[in-house]
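1. Sequence and predicted structure below; questions after.
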Amino acid sequence: MTLHATAESLATMLEALPPNPRVVASGNFASPMTALALFDKHIPQWRLWTLNPQPGLPERDGITPETSFVGAGMRRNPRLHYVPCRLSLVPALFSRAMEPDVVLLHTSMPRHGVVSLGIEVNVMPAAIEACRARGGKVIAQANPRMPFTYGDAIVPLSSIDMLFEAEEPLMSGSHGTLDDTSRDIGDRIAARIKDGSTLQMGIGAVPDAVLNALSDRKGLRFWTEMFSDGVLALDRAGALDPDTPLAVSFLFGSDELYSWIDGNPRVRMVRTEVSNDPGLIAQQPQMTSVNSALQVDLFAQANASRINARIYSGFGGQTDFIVGALHSPGGQAFIALRSWHPKADVSTIVPLLDEPVTSFQHTAVVTEQGVAEIWGRSQDEQARNLITQAAHPDVRAELFEEAAALGLRVT
């Protein structure tokens, strides 16, 4: 390994790569922008594989973006190669279908012969293993600002071919005041969560509202793809189980959150094959999964992936966690969404999806209107509950008519 590599030595390595190499880079909110700019400068044509890519990545003719979960940095990119895949199976892509020539990591500074992947573990350990198995190159951008986290985040320096030091600010953000609709949805879900539950929820107003309403609980645990600043408030309130590590695959939040996780042994970073394994999810006590959707139809099918047939995001971990949670003793899987889409100005509860289905068979669908019980109900009861408890009042009469036309007995 070349420690303290310069931009010049990195450029020399990049120029020696095979034509049109596949580069798997840290994604989500931890892409190493300084190194990626050098890649863009010195590789005329390449494939850039990132998970949930954010704005600011290199984008031009000659770069083919690849992903199994589309983020804001790739939506509507005409060169996008979207590969549908459940998140739990994405690591297998690197050894079976989309082998990397280069893996580009964003890491902490070295400590005692190792670096940490910090806030983004996810699919990167599998990418490293697949790349090394085929003789590819593993390059790390070591950043003094990257927190040092434990678990599967630890990478030995012996697994890295070149370490390039570059300081850059981490992408961070905090959420403002919660709106009334998010609070209503969050309160309804929180009312169903008991002491000792294990939580999975993502980023956004509704997950924040749920966590905000759980400060009086005790013994809460996390087994999740990601968490944000809401965990800090629960920790201060004494709501977390102090003896169980917080299992998480990637993080995004404020600088305060990043300071809290730095060197914190309570935070256990886990690779995707672990965090999203439905069998392991099912072993968590009272596993409670909260996910969102763009639409839900009267057969309780959810579309969380596409708009007008164009890919918006992807399967992500929604299917993994719904299946795992429903097999957990006392587990629950919620789909949370507004009853009315504010931008499109349409109902989010529809008669029948005309988009591909992302998930189905949830415990309940929750909107600001109420909680529509799904699991264990007949298809007629499911449809009736969705109309009367989740749909906006302005569309209920129409939905009753559409339900009858679909052969559902809802009256």
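-> In hand now; what should we look at? Predicted model, so just to flag it, every value in this text is computed and none were measured.

2. what residue ranges in the stretch 251-400 of the chain score low on pLDDT?
-> Within the stretch 251-400 of the chain, no stretch has pLDDT under 70.

3. now the strands for it?
-> 267-269, 287-292, 295-297, 302-303, 306-307, 310-311, 332-336, 340-341, 346-347, 349-350, 364-367, 370-373 (DSSP state E, counting those that start in this stretch).

4. Next, format those as JSON lines and append distance to Gly56.
-> In short, each C-beta sits where N, CA and C put it, glycine included. As requested, these are arranged in JSON lines below (distance: least, C-beta to C-beta, whole Å):
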{"stretch": "strand 267-269", "distance to Gly56": "24"}
{"stretch": "strand 287-292", "distance to Gly56": "24"}
{"stretch": "strand 295-297", "distance to Gly56": "30"}
{"stretch": "strand 302-303", "distance to Gly56": "28"}
{"stretch": "strand 306-307", "distance to Gly56": "23"}
{"stretch": "strand 310-311", "distance to Gly56": "20"}
{"stretch": "strand 332-336", "distance to Gly56": "29"}
{"stretch": "strand 340-341", "distance to Gly56": "28"}
{"stretch": "strand 346-347", "distance to Gly56": "32"}
{"stretch": "strand 349-350", "distance to Gly56": "35"}
{"stretch": "strand 364-367", "distance to Gly56": "34"}
{"stretch": "strand 370-373", "distance to Gly56": "39"}
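
5. Kindly reformat those strands as JSON lines containing distance to Thr107 and mean neighbour count.
-> What follows is these, written out as JSON lines (distance: least, C-beta to C-beta, whole Å; neighbours: other C-beta atoms under 10 Å):
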{"stretch": "strand 267-269", "distance to Thr107": "12", "mean neighbour count": "24"}
{"stretch": "strand 287-292", "distance to Thr107": "30", "mean neighbour count": "26"}
{"stretch": "strand 295-297", "distance to Thr107": "39", "mean neighbour count": "24"}
{"stretch": "strand 302-303", "distance to Thr107": "36", "mean neighbour count": "24"}
{"stretch": "strand 306-307", "distance to Thr107": "34", "mean neighbour count": "17"}
{"stretch": "strand 310-311", "distance to Thr107": "30", "mean neighbour count": "15"}
{"stretch": "strand 332-336", "distance to Thr107": "34", "mean neighbour count": "25"}
{"stretch": "strand 340-341", "distance to Thr107": "40", "mean neighbour count": "17"}
{"stretch": "strand 346-347", "distance to Thr107": "44", "mean neighbour count": "17"}
{"stretch": "strand 349-350", "distance to Thr107": "45", "mean neighbour count": "24"}
{"stretch": "strand 364-367", "distance to Thr107": "39", "mean neighbour count": "26"}
{"stretch": "strand 370-373", "distance to Thr107": "43", "mean neighbour count": "20"}
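
6. residues near Asp195, how many?
-> Residues contacting Asp195 under the criterion other C-beta atoms under 10 Å number 13.

7. was I right about it contacting Asp216?
-> No: counting by C-beta atoms under 8 Å, no contact exists between Asp195 and Asp216, whose distance comes to 9.3 Å.

8. Burial check on Ala72, number of neighbours?
-> 12.

9. picking up where we left off before, wait, which of the strands of the stretch 251-400 of the chain is closest to Asn52?
-> Taking C-beta to C-beta, strand 310-311 is the member of the strands of the stretch 251-400 of the chain nearest to Asn52, at 12.6 Å.

10. Need the residues that contact that closest one.
-> 70, 75-76, 80, 82, 305 (C-beta atoms under 8 Å, 6 or more residues apart in numbering).

11. make it 10 Å
-> 67, 69-70, 74-76, 80, 82, 84, 305, 355-356 (C-beta atoms under 10 Å, 6 or more residues apart in numbering).

12. Direction included, what does it pair against?
-> strand 306-307 (antiparallel) (DSSP bridges).

13. what does the strand it pairs with rub up against?
-> 70, 75, 294-295, 312-314, 344, 353-358.

14. Neighbours of Leu220, how many?
-> Leu220 has 26 nearby residues by other C-beta under 10 Å.

15. who touches it in this structure?
-> 193-199, 211, 214, 231, 234-235, 237, 239-241, 244, 246, 286, 288.

16. 6 Å instead, please
-> Counting by C-beta atoms under 6 Å, 6 or more residues apart in numbering, Leu220 touches 239-240.

17. Next up, phi/psi of it, please.
-> Torsion angles at Leu220 (phi, psi; degrees, to the nearest 10) stand at phi -70, psi 150.

18. And it, what's its pLDDT?
-> Per-residue pLDDT puts Leu220 at 98.

19. Tell me what it is bridged to.
-> Leu220 forms beta bridges with Leu240, as assigned by DSSP bridges.

20. Appreciated, that's everything.
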